[in-house]
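[1] Everything below, folded, please.
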Amino acid sequence: MKKFMIFLVAVFAGVVSGCATGAVSTKMVPSEYSIQKKQPYVVAVQTSGGKETNPAWVSQISSESFKEALVESINKSGAFSTIVKADHADYMLDVDIVDLAQPWGGFNMTVTMNAKWKLTSLKDKKVVFQENITKPYTAAFGEALSGMERLRMANEGAARENIREGLKKLSELTLAAESKVDSAKQPSTGASFVGEKPVASVLAKKTESAAPLPVRAEETTAEPTVKPEPIPQNIQRSGYTLEYETMVSSLTKGAFDSAFTQADTLYQKSQKTDGAKQNKYLSLLERGKVALAARKFDQSIANLQEAEKRFLTIEGTISLTEGFGSILTDDTATEYEAEMHEKLMISPYLIIAYLSTGDFNGAIVERNRTITKINQYIQEKPVERAYLENPFARYLTAIMYEMEEKKDDAKIEYKKLKWDQEIVRIDSKKGKTTDLVILVDVGLAPQKFQRKWGPTPIPGVGVVGFAYAEYAPTPTEVTACNIYLDGKPIGNAKLLYDLENTVITQYQKNKPALQAKIVARMTAKAATQFAAKMAAKEALKNIPFASLFADLAIDSAGAAWMAAEQADLRGWLSLPKHIKYLRVDGLEPGEHTIKIDYGCGVETKKIKVEKDKINIAYFAYAK
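    You can find the predicted model right below:
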């Protein structure tokens, strides 16, 4: 029996890890860049030479995913002013994947990418840069147990290093072109400066001018010009995502009161005798977050606090009964335990809710809790968990310190964010000012969808199969975040937190553990069927054909058992894709009207700005 179990584990491990997946665009984006000079020109981008991945063969890099990574890298690094279509660009950047040298196997897998980079001036069609860049990357055995997974990671790493080197070389060029960008028409940001003062401060004192102020290219964050990969349309929503589909739909329409009613209905349903009580506290997270968007601040506080308290209580624990149940059924049988990135989002939203009710002491408690969580989840393992870094939480923490006039503590948080301009602002600030911080939740975080394999009969063993969850970005129609104050443009909100990238990165890091659990579940189910067949064979050995019919009955029951297995699609669905921000200093106190143009719709809200305080205005736009 022991040898049989080892055989099953080996077979199922091969099944779980045997399907090739293509390189993920977000994993090909470098976290750091060596930009020597930021080019003040607009560029168009096109890529070629990539290959689609055949699941039955090996991982590849598609031209489309490579282009998405390249565009995002240019946006993040500021290598060029912005990315536009070719007919509006100063330069055309062509990157052709010439070769992707991959190993046939091995413990440590090294992939080398050779790509031809070419930059052409569209003014005179002159090629100003052309070079083949070759960069390798090695995915170590310890990074993933699956060979297919390591090969994909090596592909992504080679592409990442190639992009990093290519942008570095482009930043070293001395380019000369009449830019098609009219600086007088560019929006300003809260971090831009005119002389020694932030432009937003100048604007607050010179509201008679309706023209937007110019900005420095290095202080802006260009909007992505590529569409995210949607959830595959041939895969039906099921389980938790299907249950909450109506609520999510209401959020995307901006119908927050309807979304709250639907979230409340689902929460109440989970409390009934036949309800999914294991989802109670996740349902509270959904209801609390939607309540915040619907400006039901007291409700939001009550729900988020109750959920937070429970998740802190059960953190890292699971009962033996729950553990056994999830092995023989699936993970939906266990109580939901929030992911680390979800736990890090609860306190920041509570800070906003408390400040919205005027409860500053409550906000301080959550600020302190935020710091505790950051220390617990990130700073204890700064390298391993660097992807969990939450600029949204840190920024709110810094703002709270500023509100308390704890300048040194605020500067520590800004230093961790690498926001040197904020430290300069604090050091140069004299006296109290009336300031406004605008925070905008944009889109929705990635959603899980289900993939299934089987049921498939294995002669002599039984029927096996499994279901597992994958993440895919949730599409958004938002293309801009231009903000107007009292009818005057004050800037384009900058990216504060890319939560989508955090979610997908966390999933990739957790994947080996998820694969191991799938193998354990498949092995346990197969062993149960095999044991039942052996027992039936022994009990019915003297009855002709009885054991054959018993085998058929066990196979039939096994098939139904496998078909009933569902992937765990639970997760905090109402979280945003991105969080953006804009800070305006030196405002006149009193009532103001904020309008945000998202490129696919407009939102307007009246706010009251209190004198000599940092005021926060929170928006959510999930379209």
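[2] For T120, which non-adjacent residue is closest in space?
    M92 (4.7 Å; CB to CB, 6 or more residues apart in numbering). From N, CA and C alone the C-beta is placed, and that goes for glycine too.
[3] average model confidence for the helix or strand harbouring R583?
    Using DSSP states H and E, R583 falls within strand 578-584. For strand 578-584, mean pLDDT rounds to 95.
[4] Give the partner strands of it in its sheet and their orientations.
    strand 435-442 (antiparallel), strand 494-498 (antiparallel) (DSSP bridges).
[5] Report the contact partners of the residue nearest to T120.
    V43, A44, V45, Q46, A86, L119, T120, L122 (CB atoms under 8 Å, 6 or more residues apart in numbering).
[6] May I see the ChimeraX selection of the buried members of those?
    Those of the contacts of M92 that count as buried under 16 or more other CB atoms under 10 Å are selected in ChimeraX with:
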select :43,44,45,119,120,122
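[7] ok, so of the contacts of M92, who is nearest I378?
    Nearest to I378 out of the contacts of M92 is V45 (CB to CB; 33.2 Å).
[8] Identify the residues contacting stretch 333-344?
    By CB under 8 Å, 6+ apart, stretch 333-344 touches 277-279, 281-282, 285, 307-308, 311-312, 314-315, 318, 322-323, 325-326, 346, 370, 373-374, 377, 385, 388, 390, 393, 499, 502-503, 506, 570-572, 575.
[9] First-to-last residue distance for it?
    Distance between the boundary residues of stretch 333-344 (CA to CA, to the nearest Å) amounts to 25 Å.
[10] which secondary structure element contains T174?
    Going by DSSP H and E, T174 is not in any helix or strand.
[11] same check, this time on A307
    Assigned by DSSP H and E, A307 belongs to helix 297-314.
[12] show me what contacts the residue nearest the centre of the chain?
    Per CA atoms, centre = their mean, the C-alpha nearest to the average position across the chain is that of E500, at 1.4 Å. Neighbouring residues of E500 by CB under 8 Å, 6+ apart: T26, P228, G443, A445, P446, P473, K577, H578.
[13] The third one touches I579, doesn't it?
    No. Look at G443 against I579 with CB atoms under 8 Å: they stay out of range, at 10.0 Å.
[14] All the helices of the stretch 51-200 of the chain, residue numbers only.
    Taking DSSP state H, counting those that start in this stretch to define them, one finds helices in the stretch 51-200 of the chain at 63-77, 147-171, 199-205.
[15] Show me where the stretch 101-250 of the chain dips below the pLDDT cut-off.
    Along the stretch 101-250 of the chain, the parts satisfying pLDDT under 70 run over 104-107, 141-142, 144-146, 177-238.
[16] now with 90?
    101-110, 122-126, 139-151, 174-243 (pLDDT under 90).
[17] do the stretch 401-550 of the chain as well
    Using pLDDT under 90, the stretch 401-550 of the chain drops low at 429-431, 446-477, 479, 501, 503-550.
[18] Which residues are in contact with T593?
    Counting by CB under 8 Å, 6+ apart, T593 has contacts L485, D486, G487, T604, K605, K606, I607.
[19] between those, which has the most around it?
    L485 (23 neighbours; other CB atoms under 10 Å).
[20] and it, how far is that from T397?
    25 Å (CB to CB, to the nearest Å).
[21] circling back: dump the helices of the stretch 51-200 of the chain to JSON lines, plus mean neighbour count.
    JSON lines is the format used below for those (neighbours: other CB atoms under 10 Å):
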{"stretch": "helix 63-77", "mean neighbour count": "22"}
{"stretch": "helix 147-171", "mean neighbour count": "23"}
{"stretch": "helix 199-205", "mean neighbour count": "21"}
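[22] okay, the ones you listed in JSON lines with distance to I438 next?
    Formatted as JSON lines, the helices of the stretch 51-200 of the chain follow (distance: least, CB to CB, whole Å):
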{"stretch": "helix 63-77", "distance to I438": "21"}
{"stretch": "helix 147-171", "distance to I438": "30"}
{"stretch": "helix 199-205", "distance to I438": "10"}
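[23] and Q447, how many neighbours?
    That count, for Q447 with other CB under 10 Å as the rule, works out to 23.
[24] Ramachandran angles for it?
    Q447 adopts backbone torsions of phi -110, psi 150, taken as degrees, to the nearest 10.
[25] residues contacting it?
    Counting by CB under 8 Å, 6+ apart, Q447 has contacts I231, T241, Y471, A472, T474, L569, G571, L573.
[26] rewinding a little: to T332, which of the helices of the stretch 51-200 of the chain lies closest?
    Using CB to CB, those put helix 147-171 closest to T332, at 24.4 Å.
[27] Next, the angle from the closest one to helix 63-77.
    50 degrees (axes from the mean of the first three to the mean of the last three CA atoms, to 10 degrees).
[28] what packs against helix 147-171?
    In this structure, helix 147-171 packs against helix 2-17, helix 63-77, strand 91-101, strand 109-121, strand 127-139, with contacts taken as 3 or more CB pairs under 8 Å, 6 or more residues apart in numbering; DSSP states H and E.
[29] for the third one, which positions count as buried?
    Using 16+ other CB under 10 Å as the test for burial, strand 91-101 gives Y91, M92, L93, D94, V95, D96, I97, L100.
[30] ok now it, how far from the chain's centre?
    27 Å (CA atoms, centre = their mean, to the nearest Å).
[31] Restrict that strand to CA atoms and write it as PDB.
    Coordinates of the C-alpha atoms in strand 91-101 are reproduced here as PDB (Å, rounded to 0.1, in the frame of the first residue of the first chain):
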ATOM      1  CA  TYR A  91       9.200  58.000 -32.000                       C
ATOM      2  CA  MET A  92       8.300  54.400 -32.800                       C
ATOM      3  CA  LEU A  93       9.800  51.700 -30.600                       C
ATOM      4  CA  ASP A  94       9.900  48.200 -32.200                       C
ATOM      5  CA  VAL A  95      11.100  45.200 -30.200                       C
ATOM      6  CA  ASP A  96      11.300  41.900 -32.000                       C
ATOM      7  CA  ILE A  97      11.900  38.700 -30.000                       C
ATOM      8  CA  VAL A  98      14.600  37.100 -32.200                       C
ATOM      9  CA  ASP A  99      15.200  34.000 -30.000                       C
ATOM     10  CA  LEU A 100      14.200  32.500 -26.700                       C
ATOM     11  CA  ALA A 101      16.800  29.900 -25.900                       C
END
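[32] That strand pairs with which strands?
    strand 39-48 (parallel), strand 109-121 (antiparallel).
[33] can you give me how far the shortest one is from the chain middle?
    Spelled out, it's strand 39-48. With CA atoms, centre = their mean, you get 25 Å for strand 39-48.
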